[in-house]
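Trainee: Could you work out the structure for the sequence below:
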Amino acid sequence: MADEPAATSFAQRMTEAEALMWNVEKDPWFSSNIGTLLVCDRPLDDTLLRRRMAAASVDIPRLREHVVERGGRRTTPVWRTDPEFELDYHVRRMALAEPGDRAQLLELATRVMQDPFDRTRPLWLFVAIDGLEDGRGALLVKLHHAITDGQGGIRLAGRYMDIERDPGPVPDVDLDAVITEAVAKEQQED
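Mentor: Numbers count the residues shown, from 1 in each chain. Okay, the predicted model is just below:
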């Protein structure tokens with residue numbers, strides 16, 4: 001990727017729109033998820049995807065933050081760094097059984113999208129899907145609408161999608177150190 005974006009800054013207190021998306025989902029009939037399903041001509045490179053999402057989690061705080069409610073419905077929830085953030089929980093791999101056709105892919109994507117988020121963790125999930133016919137792979141991206149809207153989701157795609165077929169290596173980041181530092185800073189501010 002050409003120019004990497006600088007780290008993004010976010011308010012710790014939820015905006016009214018974020019709080020609306022968060023609170024509406026307390027009713028099981030409502031879902032505030034955004035989903036994208038990308039079909040690729042080959043399976044995804046697990047190492048590359050994980051490195052990209054680790055780097056994105058450093059640059060985009062919302063990807064490592066969870067919602068903390070304070071004072072019930074009278075106060076707006078806040079975003080806080082999840083001290084137990086696990087990249088492996090948010091970046092997963094699944095496989096379709098043969099024949100790995102479009103109907104099976106859409107059924108799997110539907111089930112993943114319908115499964116509610118664990119509201120104690122950051123509100124996103126990336127699932128690399130193997131076993132598609134003709135040797136293809138897919139990526140299912142599931143984001144809670146409190147994290148971003150459609151436009152923000154498109155900008156996020158620039159963090160994990162490549163224009164070139166075989167991009168160069170992605171540098172490693174020390175995600176644990178970033179989380180430890182962010183948690184310590186938030187504790188000082190509280």
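
Trainee: Tell me the helix or strand right after the helix or strand of the chain with the lowest mean pLDDT.
Mentor: Using mean pLDDT, DSSP states H and E, helix 16-24 stands out as the lowest-scoring helix or strand of the chain, at a mean of 68. Downstream of helix 16-24, the next assigned helix or strand under DSSP states H and E is strand 33-40.

Trainee: So for that following strand, what gets flagged as buried?
Mentor: Judged by neighbour count using 16 or more other CB atoms under 10 Å, the buried positions of strand 33-40 are 33-34, 36-37. The way it works is simple: take the backbone N, C-alpha and C, and place the C-beta from them, glycine included.

Trainee: what about the residue most central in space within the chain, distance to D162?
Mentor: Nearest to the mean C-alpha position of the chain, by CA atoms, centre = their mean, lies W124 at 3.2 Å. According to CB to CB, to the nearest Å, W124 and D162 sit 20 Å apart.

Trainee: re the thing from before, you'd agree the residue nearest to the centre of the chain is up against H145?
Mentor: No. W124 is beyond contact range of H145, at 11.1 Å (criterion: CB atoms under 8 Å).

Trainee: list residues touching both of these two?
Mentor: When CB atoms under 8 Å, 6 or more residues apart in numbering defines a contact, no residue borders W124 and H145 alike.

Trainee: circling back: now do the same contact list for the residue nearest to the centre of the chain.
Mentor: Contacts of W124 (CB under 8 Å, 6+ apart): 63, 90, 141-144, 147.

Trainee: Show me where this structure has its strands.
Mentor: 33-40, 65-68, 78-81, 91-95, 124-130, 137-144 (DSSP state E).

Trainee: So in that sheet, which strands flank the last one, and in what orientation?
Mentor: When you say that, I think you mean strand 137-144. strand 33-40 (antiparallel), strand 124-130 (antiparallel) (DSSP bridges).

Trainee: now those strands in CSV, with mean pLDDT and distance to R155?
Mentor: Output for these, formatted as CSV (pLDDT from 0 to 100; distance: least, CB to CB, whole Å):
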stretch, mean pLDDT, distance to R155
strand 33-40, 92, 13
strand 124-130, 97, 14
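
Trainee: D46 is nearest to which of these?
Mentor: Of all those, it is strand 124-130 that lies closest to D46, at 6.5 Å by CB to CB.

Trainee: now the angle between strand 91-95 and the closest one, please.
Mentor: 30 degrees (axes from the mean of the first three to the mean of the last three CA atoms, to 10 degrees).

Trainee: ok, R159 to W124 distance?
Mentor: As judged by CB to CB, R159 and W124 stand 12 Å apart.

Trainee: what does A138 give?
Mentor: Taking CB to CB, one finds A138 at 17 Å from W124.

Trainee: of all the contacts of W124, which comes closest to D45?
Mentor: Ranked by distance to D45 (CB to CB), these are led by V141 at 16.1 Å.
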